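>>> Coordinates for the following, if possible.
(chains A and B, ligands or ions: 2)
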Amino acid sequence: MTSVRTGEAPAVAGASRLSPPPRSLALSVAALAVPLLLLVWAGLLGTVAARPTPDELSVTGLVFGLAASLAALGIAWYAARGLQLALAAGRQDAAGERLEARALSSRSRRHSFGALSSSLALALVLMTVMVLTANQAKIITTFFNVDYMVRSAENIVRAFGLNIFIAVISMAFVLVFGLVLAVVRMVPGEGARPLRALAIAYIDGFRAIPSIIVLYLIGFGLPLAGLPFFAGLPQAWYAIIALTLTYSAYVAEIYRAGIEAVHPSQVGASRSLGMSYGLTLRHVVLPQAVRAVIPPLLSAFIALQKDTALVSIIGAVDAFSQAKFFASSNFNLSSVAVVAALFVLITIPQARLVDWLLARGAARRARRTR
Amino acid sequence: MTFLEFDAVRKHYGDHEVLAGVDLSIEKHQVVTLIGASGSGKSTLLRCVNALESITSGQIRLDGDVVSGPGVDLNALRRRAGMVFQSFNLFPHMTVRENITLAPRKVLGLSRAEAEARADELLERVGLAERAHYHPDQLSGGQQQRAAIVRSLAMDPEVVLLDEITSALDPELVAEVLSIVRELARDGMTMMLATHEMGFAREVSDLVVFLEKGVILEQGPPEQVLVDPVEPRTREFLRAVAA
Ligand SMILES: Nc1ncnc2c1ncn2[C@@H]1O[C@H](COP(=O)(O)OP(=O)(O)OP(=O)(O)O)[C@@H](O)[C@H]1O
Ligand SMILES: [Mg+2]
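Numbering: from 1, shown residues only, chains lettered A, B, ... in the order given. Ligands and ions are numbered 1, 2, ... in the order given. Prediction:
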């Protein structure tokens, strides 16, 4: 025990000057009651899951019921320790050992909050399972039929290559075209006004039009217009053109935010070295701007990747259109769940990368403003 | 012979007149110090020399050439008039050496090797040879300001403008920066500086200029303006900064 004595002063006099410990008793009682309720719920749900019909035993259901009950028990045990600590804190406080009481109370509260948040998580799991298993587990068999998933997976994964191809090529174009738009939008000087207006009109326009409409217009319009070169492109390239047009407008705005975030004194310093506007932009402003906007750029690219699933509307055979084919011939959506899972699979590492970059950027800013 | 000349220079920000007719002549190899209360127009006057700010009327001449008004080759002017800022303004994404070699390479057309040789020589002179590969955020304020001075010197300017270059520094770092300015003065560099360091101004200046509300109230050698000023306002200002 980390007991802190208040020196020579009498215990009671010391206690009167010390502010009271944080409240912990009521909280710990609630924190114990909630997991006990969950235990009952998990037990009932588990029993039903283990015996879907009177003469059938579902091993999965049994395991789930046991696991959920055990989890509830574990949380309850943790909460009980919180209650014990709260009671001990009360005793110490009554004995005038305020500092001791504060320490115990604070530990009790940590237990109680931990138990409550774990209970919430467990409750959500139980609720999800209830929804999924309702109506003789129709949801599970409709969306997550392992047999259908396995059978469709190979074709879908292969078709997913097209989504990745479209995404990667579009991103490369967007990086360049978006930058051009942002720079043109910010060209200084009276004479460049029409140029700036043009860039603004483009950015406003393409941010307003839903990407599915741009895709539709490009995918069906270019072949109809019969332009040389453009009319004979494979569908994937219409998708690349459409996504580039749309996302460049977004990315131009991201770049612009980055450029505006570079402090004007940086431009002043560069210009007073005799560097022209162009040199300053190229060597001083853009390197700093781009570094600052890498996280939002990545977020835009995650959105772009997801929009590659739209290409099925112009007849390109991507992962989603493959999955729809399976789904409609089997009256089962498990193949579509496979596509969803693939998108999740490629997105999560990128999302974590964004987090990491943001954390690193925050650390660097902290160092800089030290 | 007059090297840098201000002729009835006026500068407005909207209705606000920041420079209200400045006449000033500076000779080659002179060190001119601008003093005056906050907001009196010291920074603005310096920034008009290299056209970071444009003037409303009047004329600025550098070595006989008019360097104010429309149609001036700004990049050429700024190669001749270097500037060092209160907040250093080094480029944070580059090392010290890259900061220094960027403009000589891109503007003067020096090769990388030439530019680096020159940068290293200058860094050596200001005691930063070991810091060439550091980024600005890895340096103390004094080191950053010394690097910023070197960056402007690397362009081989004819005049250097220094705007309160020690104001953002901790007191113990001021001396290392001022000693470089002192050395530049000894080498005959023409300089115009704004400062609140009166002791330093007295030691290093050939001419001290007291600005008040955008006009020159008094100018002269340091032992006159700083010790025995004619104008009551100058005396008041000096008493205030001494307190
Ligand atoms: N960009 C601007 N727009 C409007 N007013 C400005 C601008 N820059 C400076 N001013 C004004 O011009 C006046 C002179 O400013 P300046 O920075 O030249 O003063 P200073 O003598 O350098 O002061 P300090 O000692 O505080 O640096 C001030 O009143 C200031 O508010
Ligand atoms: Mg100033």
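>>> Grab the longest helix from the chain for me.
Unless you meant another one, I'm taking chain A. Within chain A, and with DSSP state H defining each element, the longest helix by residue count is helix A:98-143.
>>> hm, I was asking about chain B
Counting residues, the longest helix found in chain B (DSSP H) is helix B:171-186.
>>> Need the contact partners of the next helix or strand after that one.
Later in the chain than helix B:171-186, the nearest helix or strand by DSSP states H and E is strand B:190-194. Outside strand B:190-194, the residues that touch it by C-beta atoms under 8 Å, 6 or more residues apart in numbering or on different chains are B:3-4, B:26-35, B:42-43, B:45-46, B:49, B:158-165, B:181, B:184-185. Where C-beta positions appear, they are placed from N, C-alpha and C, glycine not excepted.
>>> helices or strands up against whichever helix or strand comes after strand B:190-194?
If you walk from strand B:190-194 toward the C-terminus, the next helix or strand you reach (DSSP H and E) is helix B:198-204. Where contact means 3 or more C-beta pairs under 8 Å, 6 or more residues apart in numbering or on different chains; DSSP states H and E, helix B:198-204 is packed against strand B:31-35, helix B:171-186, helix B:222-225, helix B:232-242.
>>> what comes into contact with the third one?
Counting by C-beta under 8 Å, 6+ apart, helix B:222-225 makes contact with B:33, B:201-203, B:205-210, B:218-219, B:234, all of which sit outside it.
>>> Buried among the residues you listed? Need that as a selection in PyMOL.
Restricted to the buried members of the contacts of helix B:222-225, where burial is judged by 16 or more other C-beta atoms under 10 Å in any protein chain shown, the PyMOL selection command reads as follows:
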select buried, chain B and resi 33+201+202+205+206+207+208+209+210+218+219+234
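>>> Show me which of the contacts of helix B:222-225 is closest to A:V285.
Looking at the contacts of helix B:222-225 and their distance to A:V285, the nearest is B:T33, at 33.0 Å (C-beta to C-beta).
>>> Verify the stated contact: the closest one with B:F210.
No. The pair B:T33 and B:F210 does not pass the contact test of C-beta atoms under 8 Å, sitting 9.6 Å apart.
>>> Can I get the buried part of the contacts of strand B:190-194 as one PyMOL selection?
With 16+ other C-beta under 10 Å as the burial test, the buried ones among these are selected in PyMOL as follows:
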select buried, chain B and resi 3+4+26+30+31+32+33+34+35+42+43+45+46+49+158+159+160+161+162+163+164+165+181+184+185
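>>> show me where chain B has strands.
B:2-13, B:16-27, B:31-35, B:57-62, B:65-66, B:81-84, B:159-163, B:190-194, B:207-212, B:215-220 (DSSP state E).
>>> So which of the contacts of strand B:190-194 reach chain A?
Within the set of these, contact with chain A (C-beta under 8 Å from any C-beta of the partner chain) is found for no member.
>>> quick one, what contacts the residue in chain A that ligand 1 sits nearest to?
Using C-beta to the nearest ligand atom, A:P264 is the residue of chain A that sits closest to ligand 1, at 9.8 Å. A:P264 sits next to no residue when contact means C-beta under 8 Å, 6+ apart.
>>> Which secondary structure state does the closest residue to A:Y277 other than its chain neighbours sit in?
Distances taken as C-beta to C-beta, 6 or more residues apart in numbering or on different chains put A:P188 closest to A:Y277, at 6.7 Å, once the chain neighbours are dropped. For A:P188, the assignment made with DSSP: H, G, I helix; E, B strand; the rest coil gives coil.
>>> What is the burial count for residue 238?
As the question left the chain open, I've gone with chain A. Applying other C-beta atoms under 10 Å in any protein chain shown, we find 25 other residues in the vicinity of A:Y238.
>>> was after chain B, sorry
As a measure of burial, B:L238 has 17 neighbours, counting by other C-beta under 10 Å.
>>> likewise the one 3 residues further on?
Close neighbours of B:V241, defined as other C-beta under 10 Å, add up to 11.
>>> rewinding a little: as TSV, the strands of chain B with distance to A:R109 and mean pLDDT would be great.
Supplementary listing: the strands of chain B in TSV, determined by distance: least, C-beta to C-beta, whole Å; pLDDT from 0 to 100:
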stretch	distance to A:R109	mean pLDDT
strand B:2-13	57	95
strand B:16-27	58	95
strand B:31-35	61	96
strand B:57-62	70	95
strand B:65-66	75	94
strand B:81-84	56	96
strand B:159-163	55	96
strand B:190-194	58	96
strand B:207-212	63	96
strand B:215-220	67	95
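>>> which stretch among those strands comes nearest A:A319?
Distances from A:A319 to each of these were compared using C-beta to C-beta; the minimum, 57.6 Å, belongs to strand B:81-84.
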